[in-house]
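Asks: A structural model of the following input is requested.
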Amino acid sequence: MKYALKYVIDFIALAILYAFYFFKRWKSKGRDTLFFNTLMYVYLSFVVFFTLMPIIVKLPFIFNHPYTPMNMVPFVDVLSGRGDFLRQIVLNIIMTVPFGFLYPLSQGQKSGFFKTIFCCFLLSLGIELLQPLISGSRSSDITDLITNVIGGMIGYCFYIIFKPITNWISEQLTKNS
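Replies: Numbering: from 1, shown residues only. From the prediction side, this is the model:
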């Protein structure tokens, strides 16, 4: 129970941020913007949950452990046959497929392939650099960065494939406003 409370604090902070800042901003731009941006916000909240949480209760202690630098040898676990490398690669790809799909939807027509992939790279880099800072038991790895970007690319391909459907959804949301 005590461990779960740490997560609840972070989720309450995310809910307050959404309710008092993002919801008002996005609602004023239309139902389609509110819908797609809210989906992106929920997705990013779950990414933070799986990669960084709990955060708030650990902030006072971020300098109480050594910072482990990023492993810069790509696919070292694969090459040496260590651990459950295949599972980690697949999960890292799956984790960012929604980013590649939702980012262009949340940005409207302002986001092409390269901007989406660059933002996916920045998201992944931020996570990888923060993980060992927030928790001394977490490490960062260049393989995670590479596989996350591959996931973003796959997600963007899904965005292109399903663009007629998402355009229709956007039109329906705009029409019903």
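
Asks: Can you work out which other helices and strands pack against the host helix or strand of Y7?
Replies: Secondary structure assigned from DSSP states H and E places Y7 in helix 2-17. Helix 2-17 sits against helix 31-51, with contacts defined as 3 or more C-beta pairs under 8 Å, 6 or more residues apart in numbering; DSSP states H and E. All C-beta atoms are positioned from the backbone trio N, CA, C, and that covers glycine.

Asks: got the angle for the helix it packs on vs helix 2-17?
Replies: Between helix 31-51 and helix 2-17, the angle comes out at 160 degrees (axes from the mean of the first three to the mean of the last three C-alpha atoms, to 10 degrees).

Asks: So which elements touch helix 31-51?
Replies: Using 3+ C-beta pairs under 8 Å, 6+ apart, helix 31-51 sits against helix 2-17, helix 23-27, helix 85-107, helix 113-134, helix 163-175.

Asks: Mean confidence (pLDDT) on that helix, please.
Replies: For helix 31-51, mean pLDDT is 96.

Asks: Could I get the CA-only coordinates of it as CSV?
Replies: The C-alpha coordinates for helix 31-51 follow below in CSV (Å, rounded to 0.1, in the frame of the first residue of the first chain):
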residue,chain,number,x,y,z
ARG,A,31,-13.1,18.8,-29.9
ASP,A,32,-10.8,17.1,-32.3
THR,A,33,-7.7,18.8,-30.8
LEU,A,34,-9.0,18.0,-27.3
PHE,A,35,-9.6,14.3,-28.3
PHE,A,36,-6.2,13.7,-29.9
ASN,A,37,-4.2,15.7,-27.4
THR,A,38,-5.9,14.0,-24.5
LEU,A,39,-5.0,10.6,-26.1
MET,A,40,-1.4,11.7,-26.4
TYR,A,41,-1.4,12.9,-22.8
VAL,A,42,-2.8,9.6,-21.5
TYR,A,43,-0.3,7.7,-23.5
LEU,A,44,2.7,9.8,-22.3
SER,A,45,1.4,9.4,-18.7
PHE,A,46,1.7,5.7,-19.1
VAL,A,47,5.1,6.0,-20.6
VAL,A,48,6.2,8.0,-17.6
PHE,A,49,4.6,5.4,-15.3
PHE,A,50,6.5,2.5,-16.9
THR,A,51,9.8,4.3,-17.3
